[in-house]
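Engineer: structure here, sequence nowhere to be found:
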């Protein structure tokens, strides 16, 4: 007998807002969190735009000493986890902490720390770099720090599957509870790579938009799209076994019902042009949830604003959903936040959860020029009040990684 898994807590820091309430309000206002890069001087860069986290006083929340010993991605994860834990009302002292775990991903980890300490090493000698360099830079440290902060002794791990990372983390955490290994999992992802090396690296791949107008940079499904916009931030969800949540009188946002994960096994950076892997992945998620295509009302697409992703994902949705694809609402919230790499799936899972809970579908903002290759109902420019019984959230990553989760109304 498979156990049911519900979502009881949410927390986020992202380009739209520094908590869930502020972020969701911006989503409902069809806002865009993208603007000129301020983290470094872009004079010699072709890429000028990013989705930066704004007006966040990390030291006020985490304390000066603690925050100095964490890379920015870990800071974001800790702040989002604090909000999610408070939101859930969970008290670790009342739980069997051996049955409470953490699965928080990062695609790249502490890139800002690596850059800073490498520069220091070149200037002053490599025996002068920070003793905190390694624990700040490694990708698993957001998960480790969260487990330490709340005394959670169950499985603690970090999935690294590029831009699919946090969807894999959520899906793996879901299975861990459903299969009886835990009652509670803190899961999601975090990323902060808006640095010279991060932007330079993705720009060298020709993956980033070079648009200088914030409203024409991250434009998923638009014919004029020319690359993704880097974002930063974190999303954390508290997953709980249904009976456990019910017994403690927890607020339940929605039910996590299914998970699919597979690989294109096609190319290191390009998705399969016909969307074969993505289609199979969505079918796996539906099958896992015991649902059929017609049960889904909304898809939060990976929708990166690159030519190959958006056309390939459109084909994947048509393959997976058949005739029902015509009735689906499909939007990309990366139009608002940019692409948070390893943190994107988690922030989008929060948007999808709130869409299901509130019967409100987020828009694909800044959409102007239709593309015949992306001919689904992409909810252009204006969010929509509509019944959302169940939704799918997709994440696809370099290396061919695909991950899809199914979220439905809690019954």
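Structural biologist: Happy to help now that I have it. Because the structure is a prediction, the values reported are computed rather than measured.
Engineer: from now on I want contacts and neighbour counts done on CA atoms only, so please keep to that.
Structural biologist: Noted.
Engineer: show me what the helix or strand containing residue 189 is packed against.
Structural biologist: Secondary-structure assignment from DSSP states H and E places residue 189 in strand 184-191. The contact analysis (3 or more Cα pairs under 8 Å, 6 or more residues apart in numbering; DSSP states H and E) places strand 184-191 against helix 72-88, strand 100-105, helix 165-178, strand 233-241, helix 344-358.
Engineer: which parts of the first one are buried?
Structural biologist: Put plainly, it is helix 72-88. 72-85, 87-88 (16 or more other Cα atoms under 10 Å).
Engineer: pLDDT on it, on average?
Structural biologist: Helix 72-88 shows a mean pLDDT of 98.
Engineer: ditto for stretch 283-299
Structural biologist: Stretch 283-299 comes out at a mean pLDDT of 98.
Engineer: go on, stretch 46-63?
Structural biologist: Mean predicted lDDT for stretch 46-63 stands at 97.
Engineer: quick one: contacts of it?
Structural biologist: By Cα atoms under 8 Å, 6 or more residues apart in numbering, the surrounding residues in contact with stretch 46-63 are 13-18, 33-37, 42, 67, 75, 78-79, 194, 199, 203, 208-212, 214, 217, 229-233, 337-339.
Engineer: 7 Å instead?
Structural biologist: 14-15, 18, 33-37, 42, 67, 209-210, 212, 214, 229-233, 337-338 (Cα atoms under 7 Å, 6 or more residues apart in numbering).
Engineer: restricted to strands, list those.
Structural biologist: 35, 36, 233 (DSSP state E).
Engineer: now the strand holding residue 189 and helix 344-358, what's the angle there?
Structural biologist: Strand 184-191 runs at 120 degrees relative to helix 344-358, counting by axes from the mean of the first three to the mean of the last three Cα atoms, to 10 degrees.
Engineer: partner strands of whichever strand or helix holds residue 402 and their direction?
Structural biologist: Assigning secondary structure by DSSP H and E places residue 402 in strand 401-408. Next to strand 401-408 in the sheet, as set by DSSP bridges, lie strand 254-263 (antiparallel), strand 390-397 (antiparallel).
Engineer: need these in TSV with mean neighbour count, can you?
Structural biologist: Formatted as TSV, the strands paired with strand 401-408 follow (neighbours: other Cα atoms under 10 Å):
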stretch	mean neighbour count
strand 254-263	24
strand 390-397	28
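Engineer: just put these in a markdown table and tack on distance to residue 23.
Structural biologist: Below are the strands paired with strand 401-408 laid out as a markdown table (distance: least, Cα to Cα, whole Å):
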| stretch | distance to residue 23 |
| --- | --- |
| strand 254-263 | 18 |
| strand 390-397 | 18 |
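Engineer: what ranges do the helices span in the stretch 251-400 of the chain?
Structural biologist: 276-289, 307-321, 334-337, 344-358 (DSSP state H, counting those that start in this stretch).
Engineer: where's residue 171 relative to residue 88, distance?
Structural biologist: 19 Å (Cα to Cα, to the nearest Å).
Engineer: residue 169 too?
Structural biologist: 19 Å.
Engineer: just to revisit the earlier point, most neighbours among the ones in strands among the contacts of stretch 46-63, please name it.
Structural biologist: If you count neighbours using other Cα atoms under 10 Å, the busiest of these is residue 233, which has 36 neighbours.
Engineer: which residue, neighbours along the chain excluded, lies closest to it?
Structural biologist: Excluding the flanking residues, the one nearest residue 233 by Cα to Cα, 6 or more residues apart in numbering is residue 14, at 4.4 Å.
Engineer: and residue 314, by the same measure?
Structural biologist: For residue 314, the spatially nearest residue (Cα to Cα, 6+ apart) is residue 374, at 5.7 Å.
Engineer: relative to residue 309, how far out is the residue lying closest to residue 325 once chain neighbours are set aside?
Structural biologist: In this structure, residue 325 finds its nearest non-sequential neighbour in residue 318, 5.5 Å apart by Cα to Cα, 6+ apart. To residue 309, residue 318 is 14 Å away according to Cα to Cα.
Engineer: who's more crowded, the two?
Structural biologist: Legend: neighbour count by other Cα under 10 Å for residue 318 and residue 309, higher for residue 309 (22 against 19).
Engineer: that one contacts residue 273, correct?
Structural biologist: No. The pair residue 309 / residue 273 is not scored as a contact, 8.0 Å apart, by Cα atoms under 7 Å.
Engineer: phi and psi next, for residue 48.
Structural biologist: Residue 48 adopts backbone torsions of phi -120, psi -20, taken as degrees, to the nearest 10.
Engineer: between the strands paired with strand 401-408, which one is closest to residue 291.
Structural biologist: Nearest of the strands paired with strand 401-408 to residue 291, taken as Cα to Cα: strand 254-263 at 8.7 Å.
Engineer: now do that closest one against helix 165-178, angle only.
Structural biologist: Going by the same axes, to 10 degrees, strand 254-263 makes 120 degrees with helix 165-178.
Engineer: and the contacts of strand 254-263?
Structural biologist: Identification of contacts with strand 254-263 by Cα under 7 Å, 6+ apart yields 5-7, 171, 277, 281-282, 284-286, 288-289, 353, 357, 400-410.
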